[in-house]
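[1] Kindly generate the corresponding structure for this input.
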Amino acid sequence: MNVNSIPEKEVVAIILYISLFFMIVAVALIVFFYFSRKKIIQKELEKRDLVLAHQKEQLHAVIITQEDERKRIAQDLHDDISSKLNVVSLNSYLLTSANLTETEIKEITANIINITAKALDNSRKIAHNLLPPVFDKFGLHAGVEELCEEFESSKSVKVSYQNKIDFDESEKDKHLHVFRILQELMNNSLRHGKASEISITFDKVDGISNCYYKDNGIGFDSKKSENQKGLGMKNINSRISFLNGSINISSEIHKGVEVCFTF
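    Sure, this is the predicted structure:
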């Protein structure tokens, strides 16, 4: 059929239909990309909200932990230091009394010296709990060694410790988080897990620092999420987040706990 034989009105109609078709396709593509982009943005917002909620939860856990630590320190200061200083004050006042015999003066003075020594010892223990001097002076390896010795001194648990990493002393702030995580894990093993054996190993895998922790305690069902939502675990997860690391906890009833975290 000759194109020239097609009436002009039909040619115009064909052009209009083709134009309309392309316009519909263009509108459909615009609508498709608009809703696709909207869905992507919505997903990104939801992801950001989840991250913010997680960060808020971690911050809340840190704040609660800090408040509990402040309360513990205040209680220690009140019970161990303040009470002893009050006794020292009373004994010092007694020394101002008239007609004291030499024996009484010696007895009161000896009592003051004895109580002052105990107060100093307790203040050192409080300071040690805040920041162990060995860790502060010699670093993570020495700090963990001392921590293991302290736990073993209780005679209730045997601790095996092995280190295959040469720690960088300039990363002490980072290492303090690792130290606190191990403190929390070891306390949990004794207090909740009733463990008699604990194993700690530091090693590097593909340039990433790893800590492997294991105990022979009563364990728990790690597949149940509620078992990993305690304040202790929130505190550990907060520290892992600060370290930009990851943590994997595996446990079964009566089969102890295995923990691996990176830092």
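[2] roughly how far apart are E258 and V12?
    Distance of E258 to V12, computed by Cβ to Cβ, to the nearest Å: 79 Å. (C-beta placed from N, C-alpha, C; glycine too.)
[3] Comparing the two, which residue is more hemmed in?
    Legend: neighbour count by other Cβ atoms under 10 Å for E258 and V12, higher for E258 (17 against 10).
[4] which residues in the stretch 151-263 of the chain form strands?
    Listed in chain order, the strands of the stretch 151-263 of the chain (DSSP state E, counting those that start in this stretch) span residues 158-163, 197-205, 208-215, 247-251, 257-262.
[5] Let's have the ones you listed in TSV, adding mean pLDDT and distance to L16.
    Formatted as TSV, the entries for the strands of the stretch 151-263 of the chain read as follows, by pLDDT from 0 to 100; distance: least, Cβ to Cβ, whole Å:
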stretch	mean pLDDT	distance to L16
strand 158-163	92	81
strand 197-205	92	68
strand 208-215	94	65
strand 247-251	89	65
strand 257-262	92	66
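[6] so which of those gets nearest Q42?
    In this view, those are compared for proximity to Q42 by Cβ to Cβ, and strand 247-251 is the closest at 30.2 Å.
[7] Paired strands for that closest one, with orientation please.
    Using DSSP bridges, the strands paired with strand 247-251 are strand 257-262 (antiparallel).
[8] so the partner strand versus strand 197-205, what angle?
    Strand 257-262 and strand 197-205 meet at an angle of 30 degrees, taking axes from the mean of the first three to the mean of the last three Cα atoms, to 10 degrees as the criterion.
[9] tell me how far strand 257-262 is from the chain's mean position?
    When distances are taken as Cα atoms, centre = their mean, to the nearest Å, strand 257-262 is centred 13 Å away from the chain's centroid.
[10] which residues touch it?
    Outside strand 257-262, the residues within contact range by Cβ atoms under 8 Å, 6 or more residues apart in numbering are 181, 185, 188-189, 193, 208-215, 217, 219-220, 222, 240, 243, 245-251.
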